[in-house]
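Colleague: Sharing a model that was predicted from the sequence below.
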Amino acid sequence: MAFTETFHCDVCGKEKSEESADWWLAWAERFSPLPDGDTLPQLRVVPWNLLLSHDAQARHLCGARCAQTLMDRWMTSGGESIELKGPDGN
Ligand SMILES: [Zn+2]
């Protein structure tokens, strides 16, 4: 029997099935827009990618609605969201 990975939406907990479409990955990052400037928080959202989905920092999202919820939390926190982190704090 083939090993099947199971992913859950990090916002609503929904399980990803093989047929699931419209899943997304998100990262809260910091970047420097200017060479010597301060870093700024950035929320990166990309279409589902199996390799990237294994990234420990990646948040799994089951669709636009949960992506919006995640962004809401992130924006409310000023880009320092703890909500983006997993239950284990990583
Ligand atoms: Zn969801």
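Modeller: Received the coordinates, thanks. Numbers count the residues shown, from 1 in each chain.
Colleague: Mind telling me what element residue 75 is part of?
Modeller: helix 64-76 (DSSP states H and E).
Colleague: Just give me how far that helix sits from the chain centre.
Modeller: 10 Å (C-alpha atoms, centre = their mean, to the nearest Å).
Colleague: Check the average confidence over stretch 49-56, would you?
Modeller: Averaging pLDDT along stretch 49-56 yields 93.
Colleague: With stretch 73-83 instead?
Modeller: Stretch 73-83 comes out at a mean pLDDT of 81.
Colleague: how about the CA coordinates for it, as PDB?
Modeller: Once non-C-alpha atoms are left out, stretch 73-83 reads as follows in PDB (Å, rounded to 0.1, in the frame of the first residue of the first chain):
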ATOM      1  CA  ARG A  73      -4.600  37.600  11.300                       C
ATOM      2  CA  TRP A  74      -1.300  38.500   9.900                       C
ATOM      3  CA  MET A  75      -2.300  42.100   9.100                       C
ATOM      4  CA  THR A  76      -3.900  42.500  12.500                       C
ATOM      5  CA  SER A  77      -0.700  41.500  14.100                       C
ATOM      6  CA  GLY A  78       1.200  44.000  12.100                       C
ATOM      7  CA  GLY A  79       3.000  41.300  10.200                       C
ATOM      8  CA  GLU A  80       4.300  39.600  13.400                       C
ATOM      9  CA  SER A  81       1.600  37.100  13.600                       C
ATOM     10  CA  ILE A  82       2.000  34.200  16.000                       C
ATOM     11  CA  GLU A  83      -1.200  32.700  14.500                       C
END
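Colleague: just use 15 as the starting number from now, easier for me
Modeller: Let's use 15 as the start, then, which means that last one is stretch 87-97.
Colleague: Does at least one residue of that stretch sit close to the ion?
Modeller: No: with C-beta under 5 Å from the ion as the criterion, the ion is not reached by stretch 87-97; the gap is at least 12.8 Å. (Glycine included, C-beta is placed from N, CA and C.)
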